[in-house]
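# The following comprises the amino acid sequence and a computationally predicted model.
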Amino acid sequence: MAANNARGTALDVSHGANFTQSSGDNYAGVKIDQQSHIFNVGLSRPLYGEVRGALKYGYSLLQRSEAEVGGGDRTTTGGSISATIDGPFLPRNRFPKLESSASLSYSQPVTSGLNDTGGKFLSCHLSLSWAARVRTN
């Protein structure tokens, strides 16, 4: 009998769109007319016990108006990748009252705005929480 290795595995695919326009009342006197599209795909699954892992990839596309770029490239692209571990990765028998999670991500997003070039970001998140009770010593 073969084991079902896909049990608890989830695939997430999404698309987001943002349309930005302005009157041109800014320091450059340029009307903003932008379209931003963000595509994401992610896969998550149980790793062991209550601990889940996820790997996500995102791709973003930003198109600016000719007036904003002054004859330059109107299309900017960026991406992001993240790896996440959620759940009690600390042993419950030694840390029964702690909730824990961790994530690591890299992104090079493109953002709406006048002459905003975005940047490259590496981020890490670690969370340990403990809920005190009335009878906690």
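It's in.

# what's the one helix or strand in the chain whose mean pLDDT sits lowest packed up against?
Lowest on mean pLDDT, DSSP states H and E among the helices and strands of the chain sits helix 66-69, with a mean of 76. Judged by 3 or more Cβ pairs under 8 Å, 6 or more residues apart in numbering; DSSP states H and E, the packing partners of helix 66-69 are strand 33-48. Glycine gets a C-beta too; all of them are placed from N, C-alpha and C.

# other SSEs contacting the strand it packs on?
Helices and strands touching strand 33-48, by 3+ Cβ pairs under 8 Å, 6+ apart, are strand 10-21, strand 51-63, helix 66-69.

# chain center to that strand, what's the gap?
Put simply, strand 33-48 sits 7 Å off its chain's centre (Cα atoms, centre = their mean, to the nearest Å).

# Then stretch 68-87?
Here the centre of stretch 68-87 is set off from its chain's centre by 11 Å, with Cα atoms, centre = their mean.

# for stretch 120-137, same thing?
Distance of stretch 120-137 from its chain centroid, counting by Cα atoms, centre = their mean, is 20 Å.

# which residues touch that stretch?
For stretch 120-137, the surrounding residues in contact (Cβ atoms under 8 Å, 6 or more residues apart in numbering) are 90, 97-109.
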